[in-house]
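Colleague: All I have is the shape, not the residue letters:
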């Protein structure tokens, strides 16, 4: 595997993380009572939120082919996810299987299953991943395709990493393996196909140093942006 930085991927990740920060700013403004937040309930805004989240998760799948050590990368992500959950608990919030839990789990799965994934044709891997994401998209809402799932599946309280949740489940950030792992591995197989055909020249040219820098520090930005945003909002309210 070629272990180099691809400016296009860095810039894409940078754009995605900044969009996530902006969305969380709007969410925090509503939570702080500084804005009614009606905009966040619009279907178009929710679709945009999921689109940018999927883009962020998919690029993380692409980057599995560029990492020197996916075991370490996945482990760091899981530890960071635990820190986020702990920090959220301190301020009275609940984060159970948020985006960092998802990405860390998927990276470790990619490291574990890479010898088998190498034998799967890229096109078939993309198709399979997208199909899994599509047919499991309704699991967090208690549906599988057109079927309503028994409430007992989510009520047991242990299957929430797979997207099966009960009525009392609460999480401020929730990205279960199903369907989101399908998006991650679609990115994984897409980049495998790109590498097989040759990375296009336009992907190796930097167009925004700022976005590229943000893309190289996505984990740090994710860990720090909420404390910074909440601190600024607290300062604004105090003044």
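Modeller: Yep, it's here. Here the structure is a predicted model, which means the values were calculated and not measured. Residues are numbered from 1 along each chain as shown.
Colleague: tell me the mean pLDDT over stretch 21-33?
Modeller: The average of the pLDDT scores along stretch 21-33 is 91.
Colleague: List the buried residues for it?
Modeller: For stretch 21-33, the neighbour count (16 or more other CB atoms under 10 Å) marks 21, 23, 24, 25, 27, 28, 29, 30 as buried. In short, each C-beta sits where N, CA and C put it, glycine included.
Colleague: Kindly present those as CSV, with separate columns for distance to residue 87 and secondary structure.
Modeller: Below are the buried residues of stretch 21-33 laid out as CSV (distance: CB to CB, whole Å; DSSP: H, G, I helix; E, B strand; the rest coil):
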residue, distance to residue 87, secondary structure
21, 17, helix
23, 19, helix
24, 14, helix
25, 18, helix
27, 16, helix
28, 15, helix
29, 20, helix
30, 20, helix
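Colleague: ok, which stretches of this protein are strands?
Modeller: 143-144, 147-148 (DSSP state E).
Colleague: Need the winner for burial among the ones you listed.
Modeller: Here the criterion is mean neighbour count by mean count of other CB atoms under 10 Å, and of the strands of the chain the winner is strand 143-144, at a mean of 14.
Colleague: Name the strands paired with that strand and say parallel or antiparallel.
Modeller: strand 147-148 (antiparallel) (DSSP bridges).
Colleague: distance between the strand it pairs with and the chain's centre?
Modeller: For strand 147-148, the separation from the chain centroid amounts to 26 Å (computed by CA atoms, centre = their mean, to the nearest Å).
Colleague: Over to stretch 61-77?
Modeller: 14 Å.
Colleague: List the buried residues for it?
Modeller: 61, 62, 63, 64, 65, 66, 67, 70, 73, 74, 77.
Colleague: Keep only those of those residues that are in helices.
Modeller: Under the assignment DSSP state H, the buried residues of stretch 61-77 contribute 61, 62, 70, 73, 74, 77 to helices.
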